[in-house]
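Trainee: Need a 3D model of the following:
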Amino acid sequence: MRARIRDTEIYFDVEGMGLVPDGPTMRERPVAFVLHGGPGGDHSGFKPGFSPLAERMQLVYIDHRGQGRSAKGDPATYTLDENVEDLEALRQHLGLGRIVSIGTSYGGMVAMAHAARYPDSVSHLVLVVTAAHAGFNDRARAIVAERGTPEQIRVADQLWNGELTSLEAVRHYYAVMGPLYSVTHNPEAGRDARLRTLHEPAALMQAFRPGGFLRGFDLRPELPRITAKTLILAGRHDWICAPEFSEEIHRLIPGSDLRIFERSSHSIRADEPQAMFDAIKGFLVY
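Mentor: Below you'll find the predicted structure:
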């Protein structure tokens, strides 16, 4: 499905019932916006893995502007601030009240900024392997230097140098970096999922190139404004959003809960999927 909002068209897909039979009545389930990472990816990596969450809520998978199946536009508008405003505009377009917001990696950055700027729009916030400021870049570079192979160090440098400008280069980057993203990385098992992903190099470079918006952002002053009930999930071995960034978010969001998954890297949904979904389901009690 597509929504024409603001100056773009956003693609979204819905999984799960919004109204469910409950004895003599129909009970309304909460609606959850599911936000993908990257930037420069799409929502397809959540399918079918996130389907168990549809037992508790109606899931709305969203492709950020210019990415996935959403409309292309001026890459200068592919920014965190624009993604936040798109998210709020889509919520209003769909006639929704307070939503559950589930953001992974870059999607977590968008989700926490939205929850801080529109606190009355979000009831529950789930932040998965994310960071609140640009310091994650330098920390990630240090971790790659410690743990990475020469080829991983090389392609990681391409990310921060703004050199991943083609689809082939982006796919090569993720193929090489796979063992750092997931402790249980299996290149054969994940091949089809990688091929399904619609990568957008322009969005990735708008964020990570020298001068890119993720090289200087800082959401920390905004986080105390968040009123949503918040769950923060981190992977102990995460190389790009190291767990100390989740610990920092936990300190700054009042009343938040933090769980660190000891056998996971950046992709908890690949490394410890059942434990992750159990944590989210247990958190979302209505």
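Trainee: If you count contacts, what does the helix-or-strand element of the chain with minimal mean pLDDT end up packed against?
Mentor: With mean pLDDT, DSSP states H and E as the measure, the helix or strand of the chain carrying the lowest mean pLDDT is helix 191-196 (a mean of 81). Applying 3 or more C-beta pairs under 8 Å, 6 or more residues apart in numbering; DSSP states H and E, one finds that helix 191-196 makes contact with helix 167-181. Just so you know, the C-beta spots here come from the backbone N, C-alpha and C atoms, and that holds for glycine as well.
Trainee: State the mean pLDDT of the helix it packs on.
Mentor: Over the span of helix 167-181, the pLDDT mean works out to 96.
Trainee: Name the residues of it that are buried.
Mentor: By neighbour count, and taking 16 or more other C-beta atoms under 10 Å as the criterion, the buried residues in helix 167-181 are A169, V170, R171, Y173, Y174, V176, M177, G178, P179, L180, Y181.
Trainee: next one: stretch 237-244
Mentor: Within stretch 237-244, the residues scored as buried using 16+ other C-beta under 10 Å are H237, D238, W239, I240, C241, A242, P243.
Trainee: How about stretch 257-270?
Mentor: Of the residues in stretch 257-270, those buried by neighbour count under the rule 16+ other C-beta under 10 Å are L258, R259, I260, F261, S264, S265, H266, S267, I268, R269, A270.
Trainee: hmm, back to that, a markdown table for the buried residues of stretch 237-244, including distance to R139, secondary structure and pLDDT?
Mentor: Formatted as a markdown table, the buried residues of stretch 237-244 follow (distance: C-beta to C-beta, whole Å; DSSP: H, G, I helix; E, B strand; the rest coil; pLDDT from 0 to 100):
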| residue | distance to R139 | secondary structure | pLDDT |
| --- | --- | --- | --- |
| H237 | 13 | coil | 98 |
| D238 | 10 | coil | 98 |
| W239 | 9 | coil | 98 |
| I240 | 9 | coil | 98 |
| C241 | 9 | coil | 98 |
| A242 | 5 | coil | 98 |
| P243 | 10 | helix | 98 |
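Trainee: closest to E163 among these?
Mentor: Within the buried residues of stretch 237-244, distances to E163 taken as C-beta to C-beta reach their minimum at I240, with 17.2 Å.
Trainee: Leaving out chain neighbours, which residue sits closest to the closest one?
Mentor: A140 (4.5 Å; C-beta to C-beta, 6 or more residues apart in numbering).
Trainee: Going along the chain, name the strands of the stretch 51-200 of the chain.
Mentor: Under the criterion DSSP state E, counting those that start in this stretch, the stretch 51-200 of the chain contains strands at 58-62, 99-104, 122-128.
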